[in-house]
Structure formats: C-alpha cells, structure tokens
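Visitor: Let's see this in three dimensions:
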Amino acid sequence: MEIGKPRNPSRVGDLLTRVGLIKQSQLEEALILSRRTATPVGRILLMTGSLKEKDLQVVLQAQHMIRTGQLPFEVAIRALYIVKASRASFDEALRMSGWTTEQEAQLGELAELLLSAEVVSESQLKSATARAEQMALPIGRTLVLMGLVSPSVMAATLNAQVLLKQNEITAQEAVHGIRIASARRISLEKALILEGIYQPQSNSWIKLGELFAIAGLLSESDGLWAVEAGLIEGRPIGEILVESGLVSSESRDGALELQKMVAEGKVNAQQAAELLKEVNSQGVAPAQALKSMTHLGTQVANLLKMSGLITDEHISKAEEMSTPPIIDLSACLLDASIINRETIEAARQCLELIRDERLKVEQAIVVLSYCVRSRITVKQTLEELAWDHVVQNSYASEDDLTRAE
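Guide: Numbers count the residues shown, from 1 in each chain. As a prediction, this is how the structure comes out:
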C-alpha cells in the first residue's frame, strides 16, 4: 500500500478480512500474487483455496451496493456477518438485519395494495414475483404480461401508489378506490371522485404518460412500466422515458410544456396531444405548433366557406358547441358534425396545392367543391378536370385565405 494513501474500505480484500472470511496474512499473500500476475485479488483467493466462490460472490454484491450508494457500509458489514454465521444469501441477510431498500418498500406497497384489493391471490403474487426475478422485469409489468392483472387495473394501482406517496389519500382509501375502479372499469381518479374521497387540485391536468399515450407516441404497456419504474426508483416518469429510449428529450420537454399549458387552460388534453404529435414529428416548439395549428384551422374553415360547403352560421354553431379553448376551427366543425374528416383532409390537400403553387385559390375552390359533392378524392378530381399536372405560372398567397371571411 502506498504511504499516505487512504485505504478504500469497500475493497474486496478489506471486506473479506473485516468479517473474518479470510485472514490478513492470506490477503497480503494474495495482493503480492495479484500484482505479479495482474489477476484480481478475488480470483487469486479462489485459486489458492483461501476462499469459496459463494463467499466471493456475496462480497462482490456487497461491494457493488456500497459503491453505487444503495447500501451504507455499516449495513453491508452487518449483513456479511449474518451470511458468515447462517450461510443465508446476502439479500436474506439484509432482511434479517432489518434493512429495507426503497425498491423493496415500493414493491411491498404495490403487492400489499393488490392483495388488499383482492386483485390477485398470494399464490399468484408469489408466482409472478419468481417470474419477475427470472425476466428482470418489474412485478407490475410481469403481472400484466402473465394475464393476472389487466392493464387498466394495474394503472389504477400504480396511480394509487402515486397518490399515497403525495399524501393525497390513505391506504384504506387507495384499496377502496382500486376495488371500485376494477369493478366499474373506470380510472382510479374517477372512482375516488365518485366516492367523494378525492378532489384533484385542478380539473385541467393531464399526466405525462397519458399525454404521450393519447398522442399515440407511447403504448399502454410501456406507459405502465415507466410509471412503475419511476415509483421504484423515485425518479420523474419523463426521465425514465428518455433514459429508456421510449421518447426523445426534445419530445419530453415539449410534453412538459404542453402539460403546463393544459393546467393553465390554454389548451385541452386532446389539443395538447395533437400538438405533441407536431412537436415530435416536426421538431418545433409547442408555441410554434400551436400557432401553426390555429393558422391552418382558420385557413381550412375559410376555404370550406369560400367553396360554399359551410356558412358563417355553421362556424358560429361550431364555436358555440365547442369546449374552450378554441385553437383549431376545423376541429370544431368536425366535432359539431358539420363536416366530416374526409372533407377536412381534402381541404388540407387543396391548401398544400396552393402553397406548392400548383393551384390558384379560385381553382382550389372548384376542386374542393367538386371533390366533396362527387365524393371522390382530390387526386381523382384533378384527373377528371384534367388538372392532374402542375399548373404553370400560378400562385396564391396564404394571406388570401387568412383574410377571407
């Protein structure tokens, strides 16, 4: 050992001698051979018969947990003494010493909720726990994969854990909520609200995972896994999603901004999901996506009106029937059943032709009107009108549509 250099107490050799698994003289001899042969000390001790493979693996596990901050040094030493005396596994020794990791606490809470709500039996939980260890998967996801718990009930249970952690509900209320949610096939929040147990701080709030799911950017199973992983590791779900490669950091940041916009009442959940799609596909900021969506919706509505397909009265009716805030006029017309999705898509295609300078506004009006009334596509309309080739020397400014009333 170098003079003046502090010895690292989490070295394998120090841990072994500290609990008496090897003698100090055996360690010193192993250190000499290790330096000469460039072989790890642990391997030297095995080769010389000074240490058993099982004992080495236990010490290596303890060393890893100490160095990664999962376990205090003193707790590791106490558990190693138990291993030496009882020949128990290191995990068993930790439990015998009274130590419970945060992960074990979270798993225990999830299991307790599922059992108390009678979602699973003890035998089913035991079987799933064994499978989870084999597959290196969280217990919640394993239960869903095994078909023992439905995704909706698992989502309710995980949400109950979140609310418990935030001290929003009691354990008894959580169990009651899970039972109601399971029986009525509704969300946990809705079950708790119906029972008069829970009132959310804001009606205008959407979970991050839910926002990605509505936008079609995250599957239900991946969303459940991220929530469970976040609970186990005590980290934000957005961080879990990015680290696992399920979403990009840019999309995560955009979703967080949109989540805030929903809470402030600037957009609703469905609008936020549509905006998130644009943020994800176009790489634009939420504010820019919102501006573009508003502009496009107005242009679509104006082109429809200029084509004689809707009137000002239709627009007023759509606005009256829509839930604020209104950011996409074309979506309001669709929701009010004034026009169908095919008509909106046809209008958008005509707008693209105008922007590409293939049609003038007047020509686009003819195409859209003909297309909708004949119930054919824009492409078929252009072919029937013999306008399927690029129209030369034609240009129409988007301002023509924006100004149209």
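Visitor: The stretch 1-150 of the chain: helices as residue ranges?
Guide: Counting by DSSP state H, counting those that start in this stretch, one finds helices in the stretch 1-150 of the chain at the ranges 12-18, 24-37, 41-47, 53-67, 73-86, 90-96, 102-116, 122-135, 139-145.
Visitor: And the contacts of the host helix or strand of residue 363?
Guide: Secondary structure assignment for residue 363, by DSSP states H and E: helix 361-374. Residues from elsewhere that reach helix 361-374 (C-beta atoms under 8 Å, 6 or more residues apart in numbering): 303-304, 306-309, 343, 346-347, 350-351, 353-354, 359, 377-378, 380-382, 384-385, 387, 391, 394, 396, 400-401. Every residue, glycine included, has its C-beta placed from N, CA and C.
Visitor: how does the protein divide up, domain by domain?
Guide: Per the TED database, the domain ranges recorded for the chain read 12-97, 100-199, 293-390.
Visitor: Extract the residue ranges of the protein that are flagged as low pLDDT.
Guide: By pLDDT under 70, the weakly predicted segments of the chain are 1-10, 68-70, 98-107, 136, 200-204, 388-405.
Visitor: about what we covered before: quick one: closest of the helices of the stretch 1-150 of the chain to residue 194.
Guide: helix 102-116 (19.1 Å; C-beta to C-beta).
Visitor: Report the buried residues of the helix or strand where residue 318 lies.
Guide: Residue 318 is part of helix 312-321, with elements assigned from DSSP H and E. Going by neighbour count (16 or more other C-beta atoms under 10 Å), the buried part of helix 312-321 is 314-315, 317-318.
Visitor: repeat for stretch 33-44
Guide: 34, 41-42, 44.
Visitor: from those, which two are the most distant?
Guide: Spanning the widest gap among those are 34 and 42, at 9.1 Å by C-beta to C-beta.
Visitor: Identify all contacting residues around the helix or strand hosting residue 176.
Guide: Applying DSSP H and E as the criterion places residue 176 in helix 171-184. Applying C-beta under 8 Å, 6+ apart, the set of residues contacting helix 171-184 from outside is 112-113, 116-119, 152-153, 156-157, 160-161, 163-164, 169, 186-188, 190-192, 194-195, 197-198.
Visitor: tell me which residues of the following helix or strand past that helix are tucked away?
Guide: Toward the C-terminus, helix 171-184 is succeeded by helix 188-194 as the next helix or strand (DSSP H and E). By neighbour count with 16+ other C-beta under 10 Å, helix 188-194 contains the buried residues 188-189, 191-193.
Visitor: from the chain's centre, how far out does helix 188-194 sit?
Guide: From the chain centre to the centre of helix 188-194 is a distance of 22 Å (C-alpha atoms, centre = their mean, to the nearest Å).
Visitor: three-state assignment of the residue lying closest to residue 188 once chain neighbours are set aside?
Guide: Take residue 188 and drop its neighbours on the chain: the residue closest to it by C-beta to C-beta, 6 or more residues apart in numbering is residue 156, 3.9 Å away. Secondary structure, DSSP: H, G, I helix; E, B strand; the rest coil: residue 156 is helix.
Visitor: Quick check: buried residues in the helix or strand that the helix holding residue 318 is followed by?
Guide: Counting by DSSP H and E, the element after helix 312-321 in chain order, helix or strand, is helix 329-335. Within helix 329-335, the residues scored as buried using 16+ other C-beta under 10 Å are 329-334.
Visitor: Who are the packing partners of helix 329-335?
Guide: Packing partners of helix 329-335 (3 or more C-beta pairs under 8 Å, 6 or more residues apart in numbering; DSSP states H and E): helix 286-306, helix 312-321, helix 341-355.
Visitor: would you turn those helices into a markdown table with distance to residue 222?
Guide: Formatted as a markdown table, the helices and strands packed on helix 329-335 follow (distance: least, C-beta to C-beta, whole Å):
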| stretch | distance to residue 222 |
| --- | --- |
| helix 286-306 | 22 |
| helix 312-321 | 35 |
| helix 341-355 | 28 |
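Visitor: so which of these gets nearest residue 79?
Guide: Across the helices and strands packed on helix 329-335, residue 79 has its closest neighbour in helix 286-306 (49.2 Å, C-beta to C-beta).
Visitor: could you dump the closest one to CSV, C-alpha only?
Guide: Only the C-alpha atoms of helix 286-306 are listed here, as CSV (Å, rounded to 0.1, in the frame of the first residue of the first chain):
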residue,chain,number,x,y,z
PRO,A,286,-45.1,23.8,-28.6
ALA,A,287,-45.8,27.5,-29.1
GLN,A,288,-44.9,27.3,-32.8
ALA,A,289,-47.0,24.1,-33.2
LEU,A,290,-50.0,25.9,-31.5
LYS,A,291,-49.6,28.9,-33.8
SER,A,292,-49.4,26.7,-36.9
MET,A,293,-52.5,24.6,-35.8
THR,A,294,-54.5,27.8,-35.3
HIS,A,295,-53.5,29.2,-38.6
LEU,A,296,-54.2,26.0,-40.5
GLY,A,297,-57.6,25.5,-38.9
THR,A,298,-58.6,29.0,-39.9
GLN,A,299,-57.4,28.5,-43.4
VAL,A,300,-59.3,25.2,-43.7
ALA,A,301,-62.5,26.8,-42.5
ASN,A,302,-62.2,29.8,-44.8
LEU,A,303,-61.6,27.6,-47.8
LEU,A,304,-64.6,25.5,-46.9
LYS,A,305,-66.7,28.7,-46.7
MET,A,306,-65.4,30.0,-50.0
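Visitor: got the angle between that helix and helix 341-355?
Guide: If you take axes from the mean of the first three to the mean of the last three C-alpha atoms, to 10 degrees, helix 286-306 sits at 100 degrees to helix 341-355.
Visitor: can you start the count at 288 instead of 1 from here on
Guide: That works, and once the first residue is 288, the last one we named lands at helix 573-593.
Visitor: Give the buried residues for helix 573-593.
Guide: 573, 576-577, 580, 583-593.
Visitor: How about stretch 451-458?
Guide: 451, 455-456.
Visitor: Return the residues in contact with residue 477.
Guide: Under the criterion of C-beta under 8 Å, 6+ apart, the neighbours of residue 477 are residue 468.
Visitor: Repeat that for residue 403.
Guide: Contacts of residue 403 by C-beta under 8 Å, 6+ apart are 458, 462.
Visitor: which other residues reach stretch 536-552?
Guide: In contact with stretch 536-552 (C-beta under 8 Å, 6+ apart) are residues 489, 491-493, 495, 498-499, 504, 525, 528-529, 534, 554-556, 559, 562-563, 566-567, 570, 572-573, 577, 611-612.
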